[in-house]
Each structure stands twice: as C-alpha cells, then as structure tokens.
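A.B. asks: I need the structure of the sequence given here:
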Amino acid sequence: MEPILLVDDEEDLLFTSSLILEKAGQGPVLTLTDGREVMPLLERLQGRLRTVVLDLYMPHLSGQELLKRIHERFPELPIIIMTAGQEVESAVACMKAGACDYLVKPVEESRFVASIAQQSEIIRLRSQIQQLESALINGQLRFPDAFDHMPFCSPLMLATMQCLESVALSREPILLLGESGVGKGLAVKALHRLSCPEAPLVPVNVAGLDDAMFADTLFGHIKGAFSGAISQRPGLVAASQNGILFLDEIGDISTVSQLKLLQLIQERNYSPIGSDHYYPCQSRIVCATNADLERQVAAARFRPDLYYRLKVHKIRIPPLRERQEDIPLLARYFLDEAAQQMGKESPTPPPELFTLLCCHSFPGNVRELRALCYDAVAKHTKGVLSLAVFQESLASTSDTGPAIAAASSGDKLAILNSFPSLEEAELFLIQEALKRTKGNQTIAASLLGISRRALNGRLSRLSGFYPSPPDPLSHKGRGGV
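C.D. replies: Okay, the predicted model is just below:
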C-alpha cells in the first residue's frame with residue numbers, strides 16, 4: 001500500500017500516531033518533524049501517498065503554507081490538518097484551501113483512524129473508477145501478462161477480468177462467486193500477480209473445518225494453549241502478511257467461524273489461541289464459494305453482516321457454457337500443456353473437435369474440459385488426435401442442455417407453446433442438433449444417440465412430411481393449434 005505521511009514537530013506524537021495506524025492496519029507510515037523536508041520527499045515519491053497529515057503550527061514552515069504548496073503541486077493528494085482546540089477558525093480556512101478534514105488535538109484514536117480510512121477509501125474508489133473508465137474505453141486489459149495462465153477471448157470473460165483488475169489494489173475483501181470448476185482459484189492467482197506478486201499467496205479450503213480447527217488454522221496458537229500444544233504455531237494470517245489469504249468454500253463454515261472471520265475483517269487484528277496479545281492483520285482477504293450466499297442469508301445460515309463485508313468487491317466468474325468462444329482456446333491450451341507434461345508432441349486436433357465440445361454444456365466447467373484434454377493426450381499415440389476419445393467421454397456424461405436441465409422433470413415441455421406431435425418433436429430435436437453442431441451431421445447424430453445413416457434416413461422421411469419444415473415451437477404447420 002502507498003504510505004501515509006505524518007508531519008509534526010512533536011516526535012512523541014508522531015511515534016504514538018504511527019503505532020495507532022499500524023495497529024489499525026493502515027500502515028505503512030512515514031514521519032517528518034521538519035516541514036521543509038516535505039516537498040522534496042513528495043517530489044521523490046511523485047506524490048504517491050495515501051494521505052498527508054499536517055500539524056497546523058510548526059517552526060520553519062507552517063502547515064497552512066505547506067497545504068498551499070502541496071495542493072498546488074499534487075491537487076489529488078488528500079491532506080488532513082491537525083490543530084489545537086483554539087485554532088478551529090484556521091482549520092476552517094484550511095478546509096477552504098483544499099484540506100479534506102481537520103482533527104483537534106488531542107485526537108481520539110477512533111476519530112484519527114476513521115479519518116485516515118475514509119481518505120484511503122476515497123482514493124480507492126477514485127482509482128477504481130479511473131481504471132474502469134480506461135478499460136471500457138480501451139476494451140482491453142491493462143496487464144494481460146497476469147492472465148496468461150487462464151486464456152480467454154469472450155467479451156463476458158474480458159469484462160470480468162477487467163473488473164478484477166480494477167479492484168486489485170483495494171484493501172477491501174473480494175468475494176468470488178461461480179460454479180465449481182470455473183477457475184476461481186486461477187482468478188486469485190491473477191489477482192496476486194496484479195497486486196502483490198512478491199508477497200505470499202496462502203490458499204486454504206475451509207470446508208469441513210470445525211470451529212476450533214478454523215481458529216487454529218487461521219490464527220495459530222501459543223505453547224500450552226491446549227492439550228497437545230507442545231510448541232507455538234503461527235497461523236495462516238501470519239503466513240500471508242502483506243499478501244493474500246484465500247479462503248475457498250467460504251459458504252460452508254459454521255456461524256461461529258463466521259463471527260471469527262467477521263471480527264478479523266472488521267478489527268484488522270487477531271489473537272492466537274491462548275494468547276492475550278493482538279497482532280495486526282495486513283493480509284488481503286479473498287473468499288470464494290459456489291453457494292448462493294444471498295439464499296443462505298435469507299435462510300439464516302450465513303451472517304448478513306459478514307456477507308455485506310465480503311461483498312464490497314463481488315465478482316462472478318461465468319460458467320463455460322456462457323462463454324463458448326473460450327472453449328477452442330482453452331482446449332488448445334490444455335492439449336499443449338498436457339503434451340508438455342507427458343513428454344509428447346502437441347497433437348493436432350481434428351476440425352470437428354471444437355464443434356463437438358461447443359455442443360456440450362460442461363457442468364464441470366473448465367476443470368471438466370481440462371480433464372477431457374489430458375485424457376485424450378494420454379491415450380494419443382500419433383497422427384491427428386482421435387475424436388472418438390472425446391465422443392466416448394462425453395457420451396458417458398449426462399448432458400441435457402441448459403434449457404432442459406434448468407426445468408424440473410414436470411416442466412420440460414414448458415419450453416413449447418403446446419404439446420407437439422411425435423413428428424414435430426423429432427423434427428425439432430434434429431433441427432436443434434444440427435444448429436448446435438453448425439450442420440455437422442456426424443456430431444449431430446451422436447447428440448441424438450443415433451447413427452449418421454439413421455439421421456439421414458430421418459431427414460429424408462421428415463422432408464416428405466414437411467416440404468417447408470415448420471418451426472415446432474410456433475406450430476404453424478398445424479394451423480396454429
């Protein structure tokens with residue numbers, strides 16, 4: 001994080017203020033006792049500070065004069081004025097001159113931290129808006145190298161990753177939503193590359209952790225904290241300091257563990273089990289789940305206060321069926337990756353492969369596609385990659401398609417305007433299969449569970465019934481009945 005600069009001629013006050021901010025997770029903090037050193041420091045840093053806190057009266061150069069100089073040179077930099085009780089009028093004048101806030105000495109600790117946090121939040125929001133505007137105008141990622149491990153080309157995925165870029169430098173929690181296998185873990189790796197590549201990324205799957213194990217895993221314990229605690233054990237919060245703590249399957253933790261996580265996020269500090277001391281948490285909290293947290297909140301299974309803290313930055317990773325443009329790109333990526341790991345030459349995929357894959361709804365998402373590609377490469381010997389391997393794997397997977405799968409067993413005919421005849425239903429399925437396979441009759445026949453010859457026979461027979469094939473959904477061929 002960009003530092004905060006405190007300027008005051010009282011060294012004791014600077015020391016105390018620095019400790020307060022560091023304890024509240026608002027570090028790092030820089031301090032100066034001489035106002036003449038401020039502008040040279042700002043020039044060296046090019047104004048890259050979160051906030052400057054100025055004492056109003058200092059020897060050599062007053063806070064009011066410094067405010068004027070800083071505001072002229074770095075107008076976007078937030079400045080807070082500290083003043084004694086009898087100097088309120090001067091503080092108001094400073095506010096008119098560009099200061100964001102003023103604090104009356106002696107400053108209450110909560111008031112001091114809240115003022116700093118407010119300015120940090122304003123800077124974060126301003127930066128996020130600028131990045132989103134830039135992304136919308138340019139239509140591309142600012143740091144594409146951070147996403148080289150998760151290839152995509154679909155506009156939906158591009159917009160999602162642009163959103164991830166825009167919140168990368170925020171200190172607030174991020175909540176990643178999406179079905180199992182969509183790549184939430186890969187998104188966290190991209191976030192790590194964007195925000196703090198030199199700091200640790202510590203992932204932990206919290207599903208199945210009871211309350212005691214959850215606290216021990218995150219916060220650690222001291223020696224003798226409980227039976228069997230023969231030595232001190234630092235938790236994952238300590239291991240991820242200044243980096244990212246990734247909590248996967250957050251929707252599965254108990255309400256007691258939810259309260260512990262809420263306290264960690266709100267207070268920005270933690271205490272190991274058995275300890276009376278609190279330590280600052282400088283970790284970025286990123287959570288992921290495939291559960292519907294809003295529904296769990298409504299059912300009183302998830303704390304609403306924790307949910308609203310987690311959803312400050314809520315990003316949904318779209319399932320693979322909503323971004324079919326990415327399937328050929330991902331398939332080639334996984335085929336090359338599998339071949340490299342297995343010491344083989346990258347196989348040449350048949351032209352029909354991507355059409356076949358795009359006809360599958362991929363309930364397992366990217367993870368399922370990766371498994372298919374690895375299995376095909378493992379079984380591949382030479383020449384063009386066998387399409388039969390994919391057909392066999394996909395045939396063993398129940399894939400009813402998004403529209404039918406979304407309907408209950410009693411509502412599958414609700415997609416039609418009225419009950420169709422056998423000929424109309426047959427024609428509709430054949431037309432839909434050919435539409436999905438872009439006219440490839442071999443793959444369309446495999447979707448229908450019949451042979452290519454049987455499909456040709458049915459097409460010939462149905463063309464006799466309907467010289468101009470009707471749309472079964474409108475039933476115009478039945479007089480609009």
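
A.B. asks: And the next helix or strand past the worst-scoring helix or strand of the chain on mean pLDDT?
C.D. replies: When each helix and strand of the chain is scored by mean pLDDT, DSSP states H and E, helix 402-406 comes last, with a mean of 39. Sequence order places helix 422-436 as the next helix or strand after helix 402-406, per DSSP states H and E.

A.B. asks: Mind giving me the packing neighbours of that following helix?
C.D. replies: Where contact means 3 or more Cβ pairs under 8 Å, 6 or more residues apart in numbering; DSSP states H and E, helix 422-436 is packed against helix 441-448, helix 452-465. For glycine as for every other residue, the C-beta is placed from the backbone atoms N, C-alpha and C.

A.B. asks: which helices and strands sit right next to the longest one?
C.D. replies: This points to helix 452-465. Using 3+ Cβ pairs under 8 Å, 6+ apart: helix 452-465 touches helix 422-436, helix 441-448.

A.B. asks: okay if I get these as TSV plus mean pLDDT, distance to V107 and mean neighbour count?
C.D. replies: Below are these laid out as TSV (pLDDT from 0 to 100; distance: least, Cβ to Cβ, whole Å; neighbours: other Cβ atoms under 10 Å):
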stretch	mean pLDDT	distance to V107	mean neighbour count
helix 422-436	78	66	17
helix 441-448	77	70	20
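
A.B. asks: could you measure the nearest residue to R309 once chain neighbours are set aside against E172, distance?
C.D. replies: Spatial nearest neighbour of R309, excluding adjacent residues (Cβ to Cβ, 6 or more residues apart in numbering): I265 at 5.2 Å. From I265 across to E172, the span is 9 Å (Cβ to Cβ, to the nearest Å).

A.B. asks: Might you report the residue contacts of the nearest residue to E65 once chain neighbours are set aside?
C.D. replies: Leaving out its chain neighbours, the residue that sits closest to E65 by Cβ to Cβ, 6+ apart is G35, at 7.8 Å. Shown in contact with G35 (Cβ atoms under 8 Å, 6 or more residues apart in numbering): 7, 54, 58, 60-63, 65-66.

A.B. asks: Turn those into CSV, columns for neighbour count.
C.D. replies: Listed next are those as CSV, based on neighbours: other Cβ atoms under 10 Å:
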residue, neighbour count
V7, 25
L54, 28
M58, 22
H60, 10
L61, 17
S62, 16
G63, 28
E65, 13
L66, 23
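
A.B. asks: Return the subset of these lying in helices.
C.D. replies: The members of those that map onto helices under DSSP state H are 63, 65-66.

A.B. asks: residue closest to the middle of this protein?
C.D. replies: Residue closest to the average C-alpha location in the chain (Cα atoms, centre = their mean): L176, at 4.2 Å.

A.B. asks: I am assuming it contacts I317, so please confirm or correct that.
C.D. replies: Yes. Using Cβ atoms under 8 Å, L176 makes contact with I317 at a distance of 6.3 Å.

A.B. asks: returning to that earlier point: redo the helices and strands packed on helix 452-465 as JSON lines? Include distance to E392.
C.D. replies: Listed next are the helices and strands packed on helix 452-465 as JSON lines, based on distance: least, Cβ to Cβ, whole Å:
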{"stretch": "helix 422-436", "distance to E392": "19"}
{"stretch": "helix 441-448", "distance to E392": "10"}
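
A.B. asks: residues touching the nearest residue to R452 once chain neighbours are set aside, list them.
C.D. replies: Spatially, and ignoring its direct neighbours in sequence, R452 is nearest to A445 (4.8 Å; Cβ to Cβ, 6+ apart). Taking Cβ under 8 Å, 6+ apart as the criterion, A445 is in contact with 433, 451-452, 454-455.

A.B. asks: Out of the helices and strands packed on helix 452-465, the one nearest V182 is which?
C.D. replies: Within the helices and strands packed on helix 452-465, the stretch nearest V182 is helix 422-436; the backing value is 21.5 Å (Cβ to Cβ).

A.B. asks: quick one, strands of the stretch 51-200 of the chain?
C.D. replies: Using DSSP state E, counting those that start in this stretch, the strands found in the stretch 51-200 of the chain span residues 51-55, 79-83, 101-104, 174-177.

A.B. asks: a markdown table for those strands, including mean pLDDT and distance to D375?
C.D. replies: Below are the strands of the stretch 51-200 of the chain laid out as a markdown table (pLDDT from 0 to 100; distance: least, Cβ to Cβ, whole Å):
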| stretch | mean pLDDT | distance to D375 |
| --- | --- | --- |
| strand 51-55 | 89 | 55 |
| strand 79-83 | 86 | 60 |
| strand 101-104 | 84 | 61 |
| strand 174-177 | 95 | 28 |
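
A.B. asks: For those, give me CSV that also has distance to N290.
C.D. replies: Listed next are the strands of the stretch 51-200 of the chain as CSV, based on distance: least, Cβ to Cβ, whole Å:
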stretch, distance to N290
strand 51-55, 39
strand 79-83, 43
strand 101-104, 42
strand 174-177, 8
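
A.B. asks: closest to E165 out of the ones you listed?
C.D. replies: Closest among those, using Cβ to Cβ: strand 174-177, at 12.0 Å.

A.B. asks: Serialize the helices and strands packed on helix 422-436 to JSON lines and add fields for distance to D12.
C.D. replies: As requested, the helices and strands packed on helix 422-436 are exported to JSON lines (distance: least, Cβ to Cβ, whole Å):
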{"stretch": "helix 441-448", "distance to D12": "77"}
{"stretch": "helix 452-465", "distance to D12": "87"}
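
A.B. asks: Between those, which one is closest to V256.
C.D. replies: It's helix 441-448; of the helices and strands packed on helix 422-436, that one is closest to V256 (Cβ to Cβ) at 48.7 Å.

A.B. asks: What is the subsequent helix or strand relative to the strand or helix carrying M213?
C.D. replies: Using DSSP H and E, M213 sits in helix 211-219. Proceeding N to C from helix 211-219, the next assigned helix or strand is strand 220-221, under DSSP H and E.

A.B. asks: could you give the mean pLDDT of that following strand?
C.D. replies: Mean per-residue pLDDT for strand 220-221: 93.

A.B. asks: Enumerate every residue touching L56.
C.D. replies: Here L56 is in contact with 62-64, 81-84, 87, 90-91, 94 (Cβ under 8 Å, 6+ apart).

A.B. asks: In terms of model confidence, name the weakest of these.
C.D. replies: Lowest pLDDT among the contacts of L56: E87, 68.

A.B. asks: gap between E165 and D145?
C.D. replies: Separation of E165 from D145 (Cβ to Cβ): 12 Å.

A.B. asks: out of the two, which sits in the more crowded spot?
C.D. replies: Between E165 and D145, E165 has the larger neighbour count (other Cβ atoms under 10 Å), namely 24 against 10.
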